[in-house]
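**Q** Structure, please.
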Amino acid sequence: MLVLETPRLQLRHLVPDDLDDVYALYRDPEIRRGFPDGTLTREQTQQELAWFRNGHPQHPTLGLWATIDKASGCFIGRCGLLPWTLDGQFEVELAYLLGKPWWGRGLASEAARGIVRHAQAVLGLRRLVSLIMPGNQASVHVATAVGMRFERVCVDEWGASELYAVVWQDAE
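**A** From the prediction side, this is the model:
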C-alpha cells in the first residue's frame, strides 16, 4: 500500500518480497554503522519486516516503509516514522536508511521532507525527532535539512545518541 510520494520516490508498506532487499541493507556494516545494534541476521531482518508489515503494530499509521526509486522501480531503502518513549515522553522518530548506490543524490533528504509533510498534514503531528549516533554527519545533514536542531544527548542501553527535533506551531 502506498503511503506517500515525492518527486522521485514512492514510500509504501513493506511486503515479504522485500526481504532480500532489506537484508542487503541490514547486513552491510558500512550502511549500519549509524545503528547501535550493528548489522542484523537474515532472521532478525525477517522479524523486523513482519513487525512493520502493516505499519507499527501499536501505531499503524507509523512504521518503516519501502523506499522505491520511481524512475527505475528499484528498492533503494527503507524510511519512515517510529514511535519511542524517551525520558517518559512519547516521541515519533523520522528514520531513513538508503543503500550505498543511492547515497549523495539528495534522496534521503527528499524522503525525509516527504515524511515530514506526511507527519504534519496527514497525521497531525507537531513534533518529530531523529536519534543520531555521534559522528554520523550524513544523518545530521538530513535532519537539519528538514528543520531539525540538536536538542540533547540521550543515553540508553545502547549508549549515547544525539536527539535532533523539530516542532511546528499549530496552524490557526
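**Q** What pairs with the longest strand seen in the chain, parallel or antiparallel?
**A** Among the segments of the chain that qualify as a strand by DSSP state E, the longest is strand 75-86. Counting by DSSP bridges, the strands paired with strand 75-86 are strand 63-69 (antiparallel), strand 89-98 (antiparallel).
**Q** can you pull the buried residues of the first one?
**A** Buried residues in strand 63-69, counted by 16 or more other C-beta atoms under 10 Å: 63-69. Placement of C-beta: from N, CA and C, glycine included.
**Q** And residue 39, how far from residue 28?
**A** Separation of residue 39 from residue 28 (C-beta to C-beta, to the nearest Å): 7 Å.
**Q** Tell me where the protein has helices.
**A** For the chain, the helices defined by DSSP state H cover 19-26, 42-51, 107-121, 137-145.
**Q** per-residue confidence for the residue positioned nearest the centre of the chain?
**A** With distances taken as C-alpha atoms, centre = their mean, the residue of the chain nearest its centroid is residue 95 (1.7 Å). At residue 95, the predicted lDDT confidence score is 94.
**Q** With the one 4 residues further on instead?
**A** Reading off the per-residue confidence, residue 99 sits at a pLDDT of 95.
**Q** Wait, it touches residue 22, no?
**A** No - applying C-beta atoms under 8 Å, one finds residue 99 not in contact with residue 22, separated by 10.1 Å.
**Q** quick one, which of the two is more surrounded?
**A** residue 22 (23 against 18; other C-beta atoms under 10 Å).
**Q** contacting residues for residue 53?
**A** 13-16 (C-beta atoms under 8 Å, 6 or more residues apart in numbering).
**Q** From these, list the buried ones, please.
**A** The buried subset of the contacts of residue 53 - by 16+ other C-beta under 10 Å - is 13-14.
**Q** Just give me the closest of the buried residues of strand 63-69 to residue 167.
**A** residue 63 (22.3 Å; C-beta to C-beta).
**Q** Report how many residues lie close to residue 48.
**A** Residue 48, neighbours per other C-beta under 10 Å, totals 18.
**Q** Same question for residue 18.
**A** If you count neighbours by other C-beta under 10 Å, residue 18 ends up with 19.
**Q** Can I get the contacts of residue 53 in CSV including distance to residue 83 and pLDDT?
**A** As requested, those are exported to CSV (distance: C-beta to C-beta, whole Å; pLDDT from 0 to 100):
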residue, distance to residue 83, pLDDT
13, 16, 94
14, 17, 94
15, 22, 94
16, 23, 94
